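# Here you go, sequence then predicted model.
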Amino acid sequence: MPVSFERIPANIRVPLFYAEISARQAAYFQLLQPTLLIGPMMEGGKANPYEPILVTDFSQAAGLFGPGSALADMVGMYRRNDLVGTLWCIAHPEPSGSTAAHLTDTIEGTAAASGVAAVYLGGERYAVTIAQGHTGPQVCANLAALINSDAFALVTAEAPEPPPPEGPPTGPGVSGTISYTAKNRGSIGNEIMRTWNWRGITGGEMVPPGLTVTAEGDGELTGMLQGGAGVIDMAPIIEAMGDDEYDFICLPYSDPAALDAIQEEMNDVTGRWAWSRQIYGHVFSAKMGDPGSLQAFGVTRNDPHCSVLGFAESPTVSWRRAAALTGQAASSLRIDPARPLQTLVMVGVQPPRRGFRFRLADSNTLLYSGVATEYEAAGAAAIQRCITTYQRNVWNQPDPSWLDVQTPATLAYIIRFLRQRILQKFGRHKLANDGTPFGFGQAIVTPRLIKAELIAAYDELMSLGIVENIDAYKSFLIVERDQNDPNRVNVLLPPDLINQLRIFAMLVEFRLQYQSLQAIAA
């Protein structure tokens, strides 16, 4: 019987016509590539902690994790950057015994003119209209009411009631306070920046004359909420991830403990990139700081499966930046894992103010320190270069092999592409030596046939712009039966990954006047 049937038995005698159907030659390659957001939920949220849950939009997330929670906020920002990708979330409760970050502003005096003052909290703008004659306590009360009217605000605000009109006379000595408290307890609240009038006078934002604003502590009009305490335990989060595939993992934390835990989960020995698991995926996070602090942070990391976006002082909180980066990376890398992410605008992310943005030397230093970078693009923040934190090999020598996120993304694509092809075509085949004279139609494969299939698949990958140099690939490709196990085939696969246009360098050798062609020839 030259044809290898899977269902029709060889000993059937009952007439007449039988047909079995096989999709072995009909399947085609496709990937779902879901995203995972990790973050805290609030008390009162309906989701079960440490349980993956499929989330479609921001309103659903607010109901599950609590309005104003960091995780719901991440979902909203992610969806602004990736509209259709499959999105999962794992929520964790606030740390036991944790405290909430807070900050207090003092507004003193009486407005001598009308105006609009705006406070940015974690990137959200709250603009309060101030009329001539408004006192500091009135402005504080109006601003607190405005913030608290936003159910999705990241903070709650508190201001004492202003004195009645018949109260003390207005004047420079009249002062009020407004306190902001993060809705999520724990150290994550320390990531929230409070900024007054980020757009400035040209943007129609200013504190009218007669009023002065000073902040708790250093008095700066741009500062971080402080005092949040409580660190999360990553172990139950990683346990909840199981062996489910999440190609794009957004982590709102950039502390060493959280990054170390996720690095162990992603490693290529026992983690998601190990031969035995083949789950793959990439982690995205973000961290605010100056070039010096970010460089000092970056050199402590060395993970080819994690990217941390470094950014200068900006109203947009770090977890929003991480979610926006993840959304843009996911929507682009799903389409083409080898295409660079540079110039992609992170929707909803505010760039640093003028005077605070990183210069060329700053960004270049960070890109040699394992920190991904952004730049200001027409009033928005865009990805400049999304690198991984990997910098050194096991000998602690500089190693750029895993520099850009396209490298692991492309490798995962190639492996999955070939895995689907081999399992689909040869999942129940017999194995024979090259040259065995078996009948056509038999479910038998030889090393030569596998090699031909791998070359054909490589040619398809090359047409997709995933790899290049097929002639060199053919020369270095090895497919052979194992010498000790007759049921095993060993393959040395040498793909040449396609590269990205990163640098365009041009020498402009100008002249003040070209000589005539005759003079040049002479």
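Cool, got the structure. Residues are numbered from 1 along each chain as shown.

# Okay, now stretch 76-87: how far is its last residue from its first?
From its first residue to its last, stretch 76-87 covers 11 Å (CA to CA, to the nearest Å).

# Need the contact partners of that stretch.
Here stretch 76-87 makes contact (CB atoms under 8 Å, 6 or more residues apart in numbering) with 32-35, 37, 54-58, 61, 75, 152, 248, 250, 320, 323-324, 326-328, 330-331, 334, 346-349. All C-beta atoms are positioned from the backbone trio N, CA, C, and that covers glycine.

# Let's see that with 7 Å instead.
For stretch 76-87, the surrounding residues in contact (CB atoms under 7 Å, 6 or more residues apart in numbering) are 32, 34-35, 37, 55, 57-58, 250, 320, 323-324, 326-328, 330-331, 334, 346-348.

# Could you report the neighbour count for residue 42?
20 (other CB atoms under 10 Å).

# Tell me who's in contact with residue 143.
119, 126, 128, 157, 178.

# Which positions in stretch 488-502 come out as buried?
The neighbour-count check on stretch 488-502 (16 or more other CB atoms under 10 Å) flags 489, 495, 497-498 as buried.

# among the residues you listed, which are in strands?
489, 497 (DSSP state E).

# And the buried residues of stretch 488-502, which two are furthest apart?
Greatest spatial distance among the buried residues of stretch 488-502 (CB to CB): 489 and 498, at 26.9 Å.

# and the buried residues of stretch 488-502 as JSON lines, adding distance to residue 383?
JSON lines is the format used below for those (distance: CB to CB, whole Å):
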{"residue": "489", "distance to residue 383": "41"}
{"residue": "495", "distance to residue 383": "26"}
{"residue": "497", "distance to residue 383": "20"}
{"residue": "498", "distance to residue 383": "19"}
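
# would you turn the buried residues of stretch 488-502 into CSV with pLDDT and distance to residue 11?
Formatted as CSV, the buried residues of stretch 488-502 follow (pLDDT from 0 to 100; distance: CB to CB, whole Å):
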residue, pLDDT, distance to residue 11
489, 96, 32
495, 97, 46
497, 98, 51
498, 98, 52
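
# my read: residue 434 touches residue 444, true?
No. Between residue 434 and residue 444 there is no contact under CB atoms under 7 Å: 11.4 Å.

# So between those two, which is more surrounded?
Between residue 434 and residue 444, counting by other CB under 10 Å, residue 444 is the more crowded of the two (16 against 12).

# The more buried one bridge partners, please.
Legend: beta-bridge partners of residue 444 under DSSP bridges are residue 430.

# Read off the pLDDT value for it.
pLDDT for residue 444: 93.

# Look up how far residue 3 lies from it.
According to CB to CB, to the nearest Å, residue 444 stands 12 Å off from residue 3.

# can you confirm residue 421 is in a strand?
No. Under DSSP: H, G, I helix; E, B strand; the rest coil, residue 421 falls outside any strand and is assigned helix.

# For ChimeraX, write the selection for the buried entries among the contacts of stretch 76-87.
To isolate the buried ones among these in ChimeraX, judged by 16+ other CB under 10 Å, type:
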select :34,35,37,55,58,250,320,323,324,326,327,328,330,331,334,346,348
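
# Just the ones of the contacts of stretch 76-87 in strands?
35, 37, 250.

# Turn the residues you listed into a markdown table, including distance to residue 312.
Formatted as a markdown table, these follow (distance: CB to CB, whole Å):
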| residue | distance to residue 312 |
| --- | --- |
| 35 | 26 |
| 37 | 24 |
| 250 | 21 |
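
# Any chance of a markdown table for those residues, columns pLDDT and distance to residue 238?
Formatted as a markdown table, the ones in strands among the contacts of stretch 76-87 follow (pLDDT from 0 to 100; distance: CB to CB, whole Å):
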| residue | pLDDT | distance to residue 238 |
| --- | --- | --- |
| 35 | 98 | 17 |
| 37 | 98 | 15 |
| 250 | 98 | 15 |
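
# any weak-confidence spans in the protein?
Applying pLDDT under 70 to the chain flags residues 1, 163-173, 217-219, 519-522.
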